[in-house]
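Q: model the following, please.
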Amino acid sequence: MGSLALSRVDAASPAPTIVDEVARLARQELAPLASAIDAGSVYPGDFLRRIGDVGAWRSHVPLEGPADLRCAIQSMAALGEVCGATAFMAWCQNTLVWYAANSTNMKLAARVGDSFASGRVLGGTGLSNPMKSFFGIERLKLKGRKVDGGYIVRGALPWVSNLGPDHFFGTIFEREDEEGDGTAKGGPGIVMFLADCADPAITLQPCKPFLAMDGTGTYGVQFRDVFVPDELILAEQAGPFVKKIRAGFILLQAGMGLGLIKDCINIMDEVHAPLGHVNRYLPQQPTQFRELHAEFEKEAMALARDPYNTDDAFWRRVVALRLRIGDASVAAAHAAMLHCGARGYLKSHRAQRRLREAYFVAIVTPATKQLRKMLAEPS
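A: Residues are numbered from 1 along each chain as shown. Okay, the predicted model is just below:
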């Protein structure tokens, strides 16, 4: 694979070879699948493994301490410019890699090794409920108790994405056999682990159809007294672990919005020749979104160089950027629809798909309302 096998970005260059190759594959192989992925008739597992071959899932793996998320974000943006659903699945895979790469459990490293970062094994992130629980929005839905060699876990998660029968995902349970409230800011008694979907005690239940992005491998997950061995424990104390990975978890989502906003600008540009004479009366123009996109990209690249920064001001910049990208995604997709007029209202036109995908960027955890709550309260 030559230069495409880079495991992290160079300090002066965000590994354009990986990003460019992902963009090329997105245009050539992903674009023809986008409508089917949106409708739910295709889950692009083969494509996700294909871009793993060019290094898409390993660029943000920390080496000897530092980590750099720039290449991962730019690769997701390249995917998002073509298909928002696939950019979301890329975030799920990148987040799974982020969990495993930051765990100090050597047994876990021995078991999953390079399989996540290479794309040989795909999977997702089951932190929607835990992230909400840490900020007082929900209670943890999974419970666990210590047994010889691991834990027994029970409960159910309503939505986990980028899953299949041979996939993994990371999530958190609250210990029933230890005192302490595990829902308050990642307090004592909570454990983060990897769930193996091949376990017969784990059931994947198909969800009701969504507004968009039905091909994302999203399921409800039931745990019926699942034995989780010690080698699948990401962190015995989930609170400090989540605090370490949380900036990366949120920053990686920037790629989804950046790609979507860029394509919405493209859509507005495409209809300028036939409709520019009347579109100029609309209040939002592509020039405004180009300026916003450049601002967001610059901030994301600056923050992505230092994802382990523990300063409160840094964390608030991460949250504020994620909030602004979500708001701008909806605004850009709305503007693209108005610029297209009736032609954008056709099911065959991607403008309406972009609008539906944009709402997902705004509501995926942490959603707009949670981000505002996080900024309003002490971290």
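
Q: helix or strand right after the helix or strand bottoming out on mean pLDDT in the chain?
A: For the chain, counting by mean pLDDT, DSSP states H and E, helix 106-112 ranks last in confidence among helices and strands (a mean of 89). Remark: after helix 106-112, the chain's next helix or strand is helix 115-118, criterion DSSP states H and E.

Q: avg pLDDT for stretch 56-67?
A: For stretch 56-67, mean pLDDT is 91.

Q: returning to that earlier point: show me what the least confident helix or strand of the chain is packed up against.
A: helix 84-102 (3 or more C-beta pairs under 8 Å, 6 or more residues apart in numbering; DSSP states H and E). Using the backbone N, CA and C atoms, a C-beta is placed for each residue, glycine as well.

Q: so how far is the helix it packs on from its chain's centroid?
A: On the basis of C-alpha atoms, centre = their mean, to the nearest Å, helix 84-102 sits 5 Å off its chain's mean C-alpha point.

Q: can you map out the helices along the stretch 101-250 of the chain?
A: Taking DSSP state H, counting those that start in this stretch as the test, the helices found in the stretch 101-250 of the chain are 106-112, 115-118, 128-134, 238-251.

Q: would you turn the ones you listed into JSON lines with mean neighbour count and distance to residue 195?
A: Below are these laid out as JSON lines (neighbours: other C-beta atoms under 10 Å; distance: least, C-beta to C-beta, whole Å):
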{"stretch": "helix 106-112", "mean neighbour count": "15", "distance to residue 195": "12"}
{"stretch": "helix 115-118", "mean neighbour count": "20", "distance to residue 195": "13"}
{"stretch": "helix 128-134", "mean neighbour count": "23", "distance to residue 195": "13"}
{"stretch": "helix 238-251", "mean neighbour count": "20", "distance to residue 195": "14"}
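
Q: reformat these as JSON lines; add distance to residue 37.
A: Formatted as JSON lines, those follow (distance: least, C-beta to C-beta, whole Å):
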{"stretch": "helix 106-112", "distance to residue 37": "26"}
{"stretch": "helix 115-118", "distance to residue 37": "22"}
{"stretch": "helix 128-134", "distance to residue 37": "21"}
{"stretch": "helix 238-251", "distance to residue 37": "23"}
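
Q: how about those, which one is nearest residue 324?
A: Closest of the helices of the stretch 101-250 of the chain to residue 324 is helix 238-251, at 12.3 Å (criterion: C-beta to C-beta).

Q: run the chain-centre distance for the helix or strand following that closest one.
A: For helix 238-251, the following helix or strand on the C-terminal side (DSSP H and E) is helix 254-270. Offset of helix 254-270 from its chain centre (C-alpha atoms, centre = their mean): 17 Å.
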